[in-house]
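Could you work out the structure for the sequence below:
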Amino acid sequence: MNNRRSIFRSALALMAAVICLDVTTALANGPALQRITMATFTSADLAGVERDYARWLGYQVRERGVVSSELAKAWGAPGAAGKRYLLLSSEPSPDVFVRVIEGKAAPADLLPLTTWGWNGIEIIIDDPVALREQLRESPFRVIGEPAPLGAFPTIKAFQVVGPSGEVLYLTAETGDRSKSILPPPGGPVGRIFIMVVGGPDIDALLDFYSSRFNLVRNPARMLAVGVVKRAQQLADGELTPLATARLAERGNLIEFDGYSSRTRARPVEPGQLPPGIVSTTFAVADLDALKVDWIAPPARHEGLAYQGKRAGTLRGPAGELIELIETGSGSALTARDDDLGARAEHVYGAAVCAHVRRKTTLALETGSDDLFEHVALGKPGPERLTVPSYLPVVHDLIIEPQAIELRRHIEVQHHATGSQQPSALTQNLR
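Coordinates of the predicted model:
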């Protein structure tokens with residue numbers, strides 16, 4: 001019996017190594033962009049932004065500083081050196097920032113959603129109707145009333161233009177949040193979870209982000225986007241091509257909008273940052289693994305947003321600045337306690353691959369002489385998601401059940417839904 005169990009243990013170790021290899025490969029081939037860490041816009045009134053974001057959105061200042069010459073060079077905007085900046089964030093997500101940099105007031109003819117580049121900061125909120133009413137007397141001008149999304153009727157959003165011309169999409173899940181594709185807000189106003197980029201050629205945008213950052217290239221859909229239609233004065237029946245792509249960490253996406261011929265490149269003074277939303281900052285595992293054209297070689301930067309890590313910036317096809325901060329955590333993993341992690345454990349002496357999200361462990365369990373009795377998920381995290389959908393072991397809990405073949409001879413049948421209890425989160429191996 002001992003020999004038999006020893007054989008099973010050896011087989012388990014071999015099969016676990018195969019699964020770990022597949023998972024490692026999948027992680028390496030997953031999205032290079034881990035999560036959104038910061039959105040940046042310019043303002044001629046830093047004190048006003050601080051006041052208004054604190055009073056109306058509950059965002060607090062986390063850091064005050066001055067842009068270094070090295071950072072300005074990295075952005076291709078030496079004129080930004082010496083400019084004051086603020087880092088603001090919400091209480092639920094204090095490490096996802098809105099950065100506001102001192103700059104000139106936007107030209108009067110620079111209308112929201114009519115120039116190319118980053119055009120919207122989408123923030124998860126708790127109650128769109130209540131927040132809409134709260135903002136009625138605020139300097140945030142509503143350009144789109146709360147309304148459900150067509151394909152997701154329980155998701156409601158409205159849009160505002162902030163005091164410096166920045167556009168905010170304020171979005172909430174009004175249904176069962178345990179089953180939602182959206183992250184939980186954690187309070188009345190939460191973190192950034194989508195950044196919106198617009199340009200004259202949506203295919204160029206999708207090709208760029210999918211090829212440089214390994215994002216899934218979802219097909220564009222032709223949609224009537226109310227705020228875009230009004231801003232660009234589109235005719236009835238004139239639709240906007242729109243696509244989204246998910247990043248490695250749940251609740252982080254990019255929205256791509258194809259803009260009409262009524263839009264133009266955003267005017268930028270030589271050596272300065274563009275007006276409006278300047279850049280989006282993403283966490284990545286390894287800057288050197290990316291095949292991109294940097295404005296300046298990546299370098300280490302100080303401050304709360306960088307913490308001495310390397311960062312580099314490049315331009316996208318719509319002229320948008322894309323800033324990347326290296327986490328040093330390899331294969332789309334970060335050091336935050338709610339991120340996907342990877343480690344090795346031992347089950348009956350055999351090394352197996354485990355994936356952790358807020359202490360949620362995927363482990364191979366062998367309670368009998370069977371080679372693999374089952375794979376079970378431990379206690380689910382608050383967002384009820386354990387691993388990204390691109391991993392081969394367990395499919396994303398928000399995607400419909402499906403079977404995934406591993407190396408042609410291991411099949412994982414996914415039965416779980418976000419609403420089930422841990423005991424029901426079982427995947428059969430056949």
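
First-to-last residue distance for stretch 235-251?
Stretch 235-251 has an end-to-end distance of 33 Å (C-alpha to C-alpha, to the nearest Å).

Average pLDDT for it, rounded please.
For stretch 235-251, mean pLDDT is 96.

same question, stretch 166-178
96.

Quick check: buried residues in it?
Within stretch 166-178, the residues scored as buried using 16 or more other C-beta atoms under 10 Å are 166-174, 177-178. Glycine gets a C-beta too; all of them are placed from N, C-alpha and C.

hmm, who's touching that stretch?
41, 112-113, 119-128, 131, 140, 143, 154-162, 180, 182, 184-185, 189, 193-194, 196, 227, 276-277, 384, 418-419 (C-beta atoms under 8 Å, 6 or more residues apart in numbering).

Just to be sure, which of those are found in strands?
Within these, residues falling in strands by DSSP state E are 41, 119-125, 143, 155-161, 189, 193-194, 196, 277.

Kindly give a single ChimeraX line that selects the buried subset of those residues.
Typed into ChimeraX, the line below selects the buried ones among the ones in strands among the contacts of stretch 166-178, using 16+ other C-beta under 10 Å:
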select :41,119,120,121,122,123,124,125,143,155,156,157,158,159,160,161,189,193,194,196,277
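
and Glu302, what does it touch?
So Glu302 contacts 68, 308 (C-beta under 8 Å, 6+ apart).

Report pLDDT for it.
So, for Glu302, pLDDT stands at 96.

can you check Phe152 too?
Looking at Phe152, the pLDDT reads 86.

That one contacts Lys179, doesn't it?
No: contact criterion C-beta atoms under 8 Å: Phe152 and Lys179 do not qualify, at 11.2 Å.

Can you identify each of the helices in this structure by residue range?
With DSSP state H as the criterion, the chain has helices at 2-29, 46-52, 69-74, 128-134, 202-213, 226-232.

Now tell me which of those the model trusts least on average.
helix 2-29 (a mean of 48).

so where's the stretch 201-350 of the chain uncertain?
The stretch 201-350 of the chain contains residues with pLDDT under 70 at 329-350.

before we move on, back to that, so what's in contact with Phe152 and Lys179 at the same time?
Common neighbours of Phe152 and Lys179 (C-beta under 8 Å, 6+ apart) do not exist.

which residue sits closest to Tyr53, ignoring its sequence neighbours?
Tyr59 (4.1 Å; C-beta to C-beta, 6 or more residues apart in numbering).

residue contacts, the one you found?
53, 88-90, 98, 189.

Out of those residues, which comes closest to Asp293?
Val98 (27.1 Å; C-beta to C-beta).

Number of residues surrounding the closest one?
26 (other C-beta atoms under 10 Å).

what's the answer for Glu137, then?
By other C-beta under 10 Å, neighbour count at Glu137 equals 8.

so what's it scoring on pLDDT?
With respect to pLDDT, Glu137 has a value of 95.

what's the spacing between it and Arg55?
Taking C-beta to C-beta, to the nearest Å as the measure, Glu137 falls 10 Å from Arg55.

just Pro298 next, same as before
37 Å.

Have a look at those two and say which one is more surrounded.
Shown here are Pro298 and Arg55; by other C-beta under 10 Å, Pro298 has more neighbours (18 against 12).

Would you agree that one is in contact with Tyr306?
No: the pair Pro298 / Tyr306 is not scored as a contact, 11.2 Å apart, by C-beta under 8 Å.

Where does pLDDT dip in the stretch 51-200 of the chain?
For the stretch 51-200 of the chain (pLDDT under 70), the answer is none.

What are the neighbouring residues in contact with Leu206?
By C-beta under 8 Å, 6+ apart, the neighbours of Leu206 are 217-218, 220, 243, 245, 256.
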